[in-house]
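> Sequence and predicted structure are below.
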Amino acid sequence: MKSDVKNVTIIGSGAWGSALATLVQTNQHHVQIWSRQSQLSLAEMVSNSDAIVSAVSIKGVRTIAEKLQTAKLQPNAVLVSATKGLEPVTRQTPSQIWRSLIPDHPLVVLSGPNLSKEIMMGQPAATVVASTDASAAQFIQNIFASRNFRVYTNSDPIGVELGGTLKNVIAIAVGACDGLNLGTNAKSALITRSLIEIIRVGVYFGAQPETFWGLSGLGDLLATCNSNLSRNYQVGYAIAQGKSLEEAITNVQGTAEGVNTANVLIEISDREKINVPVSRYVYRLLQGEITLQQAVEGLMERDLKPEN
Ligand SMILES: NC(=O)C1=CN([C@@H]2O[C@H](COP(=O)(O)OP(=O)(O)OC[C@H]3O[C@@H](n4cnc5c(N)ncnc54)[C@H](OP(=O)(O)O)[C@@H]3O)[C@@H](O)[C@H]2O)C=CC1
Ligand SMILES: O=C(CO)COP(=O)(O)O
């Protein structure tokens, strides 16, 4: 084995975990995937890992982090969070959960416009690895960067993480907009105004506003709102076709985090008085409080105001 070969464990054998494992393998690193079906315990699998990448959906993050809390890790092992979600009840982001449970290891957030099917097909893509520990971010950058996968470092992990998380709610709105054939002008307005509300929430969490203009913010918003590969977009589109939320979720392959994120986001924005009109209409639609037509009318008929 070459001396620069790293041992990487990916936690989660879903669409994203599998794509990330492929990227690591491309660079000839030693990669293993742990899932709940694995024969080896998580503690056994990570014992020799230089990097441990969590790619599970938000509902699995705390359980996995608690398992790792009691595991014996390599002293310099770097943790990577690739989940895009918010935890119900605590309203924490994945990186906040990791940080609170395993404070002694460097933590990197990986997020960007990364539809896993395109990555699996070897199509070019770029992402961001963000950490307050610059050398940990560079370490992870080198593990993942390849000819088809360009990796940027960033020092605002919470901003990078929230760009990826909050755009899922907006992708539901845009999927619905496309499903209703409302046109390119409407879609453009929806995406642009949504970015403003994502930034408002980001600032509440302590993120830097400019982070949201980058790949993990605007970049991921554009990717997810413009592709029917996105599960969140598919949920919105299906609702516009007259499907119930349950039917829409059942027909989607894999996890559409935006449904849960909408609930948690509205709890936060109610409590903190953050104005998130698009996300609120998505929430009310998913709750069955309003029809899609009422959501469109409601968004258009709000009080007139300056753009900024
Ligand atoms: N697919 C994509 O294009 C991208 C997805 N993401 C994000 O990655 C995360 C995972 O998405 P994706 O892989 O697509 O989803 P999938 O539905 O394909 O897979 C779900 C993953 O979550 C794990 N999981 C689900 N519930 C639990 C639980 N209760 N305890 C432990 N693990 C659990 C599964 O673990 P197991 O393997 O053990 O079954 C599986 O790895 C999401 O937050 C998503 O937003 C981010 C970027 C791109
Ligand atoms: O986060 C993603 C692309 O960056 C994947 O989006 P979906 O979860 O909506 O499929």
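Alright, I've got the coordinates. Ligands and ions are numbered 1, 2, ... in the order given.
> quick one, what contacts whichever residue of the stretch 101-250 of the chain sits closest to ligand 1?
Ligand 1 sits closest to Ser116 of the stretch 101-250 of the chain, with a gap of 3.4 Å, by Cβ to the nearest ligand atom. The C-beta positions use only the backbone N, C-alpha and C, and glycine is treated the same way. Each residue near Ser116 by Cβ atoms under 8 Å, 6 or more residues apart in numbering is listed here: 15-16, 18-19.
> If we use 6 Å, what do you get?
Ser116 is in contact with 15-16, 19, counting by Cβ atoms under 6 Å, 6 or more residues apart in numbering.
> tell me which element the closest residue to Pro113 other than its chain neighbours is part of?
Nearest residue to Pro113, sequence neighbours excluded (Cβ to Cβ, 6 or more residues apart in numbering): Ala223, at 3.4 Å. Per DSSP states H and E, Ala223 falls inside helix 220-225.
> Okay, buried residues for that helix please.
220-225 (16 or more other Cβ atoms under 10 Å).
> what helices or strands is the helix or strand where Leu195 lies leaning on?
For Leu195, the element it lies in under DSSP H and E is helix 184-205. Packing partners of helix 184-205 (3 or more Cβ pairs under 6 Å, 6 or more residues apart in numbering; DSSP states H and E): helix 157-179.
> for the helix it packs on, packing partners?
Short answer (3+ Cβ pairs under 6 Å, 6+ apart): helix 157-179 packs on strand 107-111, strand 125-130, helix 184-205, helix 220-225, helix 231-240, helix 258-272, helix 277-286.
> residues in the stretch 1-150 of the chain within reach of ligand 2, list them.
Remark: the part of the stretch 1-150 of the chain in contact with ligand 2 comprises 84, 113-115, using Cβ under 6 Å from any ligand atom.
> who wins for neighbours among those residues?
Neighbour counts for those (other Cβ atoms under 10 Å) peak at Lys84, which has 29 neighbours.
> Next, work out how far apart the closest residue to that residue other than its chain neighbours and Asn232 are.
In space, and not counting its chain neighbours, Lys84 is closest to Gly164: 4.1 Å by Cβ to Cβ, 6+ apart. Gly164 sits 11 Å away from Asn232, taking Cβ to Cβ, to the nearest Å as the criterion.
> Show me which residues of the stretch 151-300 of the chain are close to ligand 1?
Neighbours of ligand 1 within the stretch 151-300 of the chain, by Cβ under 6 Å from any ligand atom: 254-255, 257.
> Packing partners of the helix or strand hosting Val53?
In this assignment (DSSP H and E), Val53 forms part of strand 51-54. With contacts taken as 3+ Cβ pairs under 6 Å, 6+ apart, strand 51-54 sits against strand 7-11, strand 78-81.
> For the helix or strand just after the shortest one, what does the pLDDT average out to?
So the one you mean is strand 78-81. Using DSSP H and E, the helix or strand that follows strand 78-81 in sequence is helix 94-101. Throughout helix 94-101, pLDDT has a mean value of 98.
> Report the buried residues of helix 94-101.
In helix 94-101, counting by 16+ other Cβ under 10 Å, buried: 94-99, 101.
> can you check stretch 209-219 too?
In stretch 209-219, counting by 16+ other Cβ under 10 Å, buried: 211-212, 214-219.
> okay if I get those residues as JSON lines plus secondary structure and pLDDT?
Conversion of these to JSON lines gives the following (DSSP: H, G, I helix; E, B strand; the rest coil; pLDDT from 0 to 100):
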{"residue": "Thr211", "secondary structure": "helix", "pLDDT": "98"}
{"residue": "Phe212", "secondary structure": "helix", "pLDDT": "98"}
{"residue": "Gly214", "secondary structure": "coil", "pLDDT": "98"}
{"residue": "Leu215", "secondary structure": "helix", "pLDDT": "98"}
{"residue": "Ser216", "secondary structure": "helix", "pLDDT": "98"}
{"residue": "Gly217", "secondary structure": "helix", "pLDDT": "98"}
{"residue": "Leu218", "secondary structure": "helix", "pLDDT": "98"}
{"residue": "Gly219", "secondary structure": "helix", "pLDDT": "98"}
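> re earlier: by neighbours, which of the contacts of Ser116 wins?
Going by other Cβ under 10 Å, Trp16 tops the contacts of Ser116 with 24 neighbours.
> would it count as being in a helix?
Yes: the assignment for Trp16 is a helix, going by DSSP: H, G, I helix; E, B strand; the rest coil.
> Enumerate the residues of the stretch 1-150 of the chain near ligand 1.
Counting by Cβ under 6 Å from any ligand atom, the stretch 1-150 of the chain comes close to ligand 1 at 12-17, 35-36, 55-60, 63-64, 82-85, 114-116.
> what pLDDT does the most centrally placed residue in the chain get?
Geometric centre of the chain, nearest residue: Lys84, 2.3 Å, by Cα atoms, centre = their mean. Here, the pLDDT recorded for Lys84 equals 98.
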